[in-house]
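Take this sequence and fold it.
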Amino acid sequence: MSTVFPFHALRPSPGTAAEVAAVPYDVVTVDEARALAHNKPLSFLHVSRAEIDLPPDTNPYSDQVYDRAAANFALLKREAPLILESEASLYVYRLRMGAHVQTGVAACFSIDEYDRGVIKKHERTRQDKEDDRTRHMLELRAQTGPVFLTYPVSAAIDDVVGRVTMCSTLTDFVAADAIQHTLWRVPAESTAALVDAFANVRALYIADGHHRAASAARVRDKLRARTGPGEWDTFMAVAFPDNQMNVLPYNRVVRDLNGHSPASLLAALRQQFDVREGVPAPARSGHVSMFLDGRWYMIDLGRAPDGLAADERLDVSRLQALVLTPLLGIGDPRSDTRIDFVGGVRGTTALESQVAAGKAAVAFSMYPVGVADLMRISDAGGIMPPKSTWFEPKLRDGLLSHVIE
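The predicted structure is shown next:
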């Protein structure tokens, strides 16, 4: 059983929604965020990445960053303006990227259900990132970016959502990256039907936003201890059916060849695998494309041995175990500074560019992990390797915020 709660959304006026909406705080570097928000005073990046308004050498976890975030949030409420809905509502949020369309339900979800595993996770979180978003929520008294959830497709939910999308929109715009964002408020007569339909969903799965969810749970613990139950007992998210999810690969680049030359690395790989000239994007699971010395190669990892756990059977896990650790000396990919990760939305040309510029010596282009794999691993209580999935298109920060005062 999954519980959804209507909430009093804080949202921009329709005329400024496109100016306020911003990419999630954690998919851009500070320099990229600064460039995106340049000459855009209403961009929500001034709230989610307030360090962009401070000197470049500012520690992003310093007191002044959180103070600036709170001040910028207060300013944005006045200038956009941001409107606090008088009635608690659910919302439908549609993303359109080219021919791909996905339509989800924006609501608040139970942190108690997150604790009990009804809302399932598949990633470990980092303490410093949790600390950051926990303080950000406490300083702003708001959850300002939705968690991205998925669930097993439900005909009952699809039916209600389909009817809502026949109504007038609240917001509809195409962002600079050509992704269309459309919001509808769910009418009161459809809200109960959606709540009932979600009650029959056996589980929800975090696709993106593990740190936001974990931080919301920490904020709940702090505020509940002080004042008891409140808005902080839930977190804001948008839930999409699994059959509409679009998963891109999360690719790898390694800074050096760990003492190998390109020729000796190829020779070592060919002792274990079928390696041949290839194309930038692998055609199926079990194949990895490698860019080395100006050329693309295909590495066939072969059939996964029996007895491996579901997370160990993933291509990213097998590449780590069979190539990155023994041949390139990459230990823990979460902390090893010699490896970096490139989201699939940036394309394989980004991998070629990093190698050509000398920022990396070799790049690996992965076949995307399926949503079914994510669900299977989550159901088993497993943890996926770091940087396994890149979901695209991304939700925008600032279109809906959840006030927790």
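
need the longest strand for the protein.
The strand spanning the most residues in the chain, taking DSSP state E as the definition, is strand 100-110.

and that strand, which residues are buried?
Residues of strand 100-110 classed as buried by neighbour count (16 or more other Cβ atoms under 10 Å): 102-110. Where C-beta positions appear, they are placed from N, C-alpha and C, glycine not excepted.

same thing with stretch 145-157?
Residues of stretch 145-157 classed as buried: 145-151, 154, 157 (neighbour count, 16+ other Cβ under 10 Å).

so which pair among these is furthest apart in space?
Within the buried residues of stretch 145-157, Gly145 and Ser154 form the most distant pair, 25.0 Å apart (Cβ to Cβ).

just to revisit the earlier point, can you tell me which of the buried residues of stretch 145-157 are in helices?
Cross-referencing those against helices under DSSP state H gives Ile157.

Throw the buried residues of strand 100-110 into CSV and include pLDDT, thanks.
Rendered in CSV, the data for those read as follows (pLDDT from 0 to 100):
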residue, pLDDT
Gln102, 98
Thr103, 98
Gly104, 98
Val105, 98
Ala106, 98
Ala107, 98
Cys108, 98
Phe109, 98
Ser110, 98
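
low pLDDT regions in the stretch 151-300 of the chain?
Per-residue confidence of the stretch 151-300 of the chain (counting by pLDDT under 70) places no residue in a weak region.

which stretches of it form helices?
Remark: helices assigned in the stretch 151-300 of the chain by DSSP state H, counting those that start in this stretch are 155-164, 188-198, 210-227, 262-272.

buried stuff in the third one?
Residues of helix 210-227 classed as buried under the neighbour-count rule (16+ other Cβ under 10 Å) are 210-220, 223.

what's the answer for stretch 17-32, then?
Counting neighbours by 16+ other Cβ under 10 Å, one finds that the buried residues in stretch 17-32 are 17-26, 28.

Just give me the closest of the residues you listed to Asp300.
Within the set of the buried residues of stretch 17-32, Asp26 lies nearest Asp300; the separation is 33.7 Å, counting by Cβ to Cβ.

Assign that closest one to helix, strand or coil.
Remark: Asp26 carries the secondary structure label helix [criterion: DSSP: H, G, I helix; E, B strand; the rest coil].

check contacts around it.
Applying Cβ atoms under 8 Å, 6 or more residues apart in numbering to Asp26 gives the contacts 129, 211.

let's see 10 Å
If you count contacts by Cβ atoms under 10 Å, 6 or more residues apart in numbering, Asp26 has them with 48-49, 129, 132-133, 145, 208-209, 211-212, 397.

Dump the helices of the stretch 151-300 of the chain to TSV, plus distance to Asp256.
What follows is these, written out as TSV (distance: least, Cβ to Cβ, whole Å):
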stretch	distance to Asp256
helix 155-164	49
helix 188-198	49
helix 210-227	30
helix 262-272	11
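
Phe235 and Val47: what is the separation?
In this view, Phe235 and Val47 are 18 Å apart by Cβ to Cβ, to the nearest Å.

Same check on Pro385?
Counting by Cβ to Cβ, the gap from Pro385 to Val47 is 32 Å.

Between the two, point out the one with more neighbours.
Neighbours were counted for Pro385 and for Val47 using other Cβ atoms under 10 Å; Val47 has more, 28 against 24.

related to what we said a few turns ago, could I get the buried residue list for the following helix or strand past the longest strand of the chain?
For strand 100-110, the succeeding helix or strand toward the C-terminus, using DSSP states H and E, is helix 111-116. Residues of helix 111-116 classed as buried by neighbour count (16+ other Cβ under 10 Å): 111, 113-114.

what's the residue nearest in space to the middle of the chain in contact with, if anything?
Centroid check for the chain by Cα atoms, centre = their mean gives Asp208 as the closest residue, at 3.2 Å. The neighbourhood of Asp208, defined by Cβ under 10 Å, 6+ apart, consists of 24, 26-27, 123, 146-150, 237, 389-392, 394-395.

Quick check: bridge partners of it?
Beta-bridge partners recorded for Asp208 (DSSP bridges): Phe148.

what residues go with each domain of this protein?
Taking automatic domain parsing as the domain assignment, the record places the domains of the chain at 4-247+392-403, 250-367.

Between the ones you listed, which one is closest to Leu374.
From those, taking Cβ to Cβ, the stretch that ends up closest is domain 4-247+392-403, at 5.7 Å.

okay, how far is it across the closest one, tip to tip?
Here the two ends of domain 4-247+392-403 are set 16 Å apart, with distance taken as Cα to Cα, to the nearest Å.

how many other residues sit next to the closest residue in space to Arg163 that isn't next to it in sequence?
Sequence neighbours aside, Ser190 is the residue nearest to Arg163 in space, at 6.4 Å (criterion: Cβ to Cβ, 6 or more residues apart in numbering). Neighbour count for Ser190, taken as other Cβ under 10 Å: 19.
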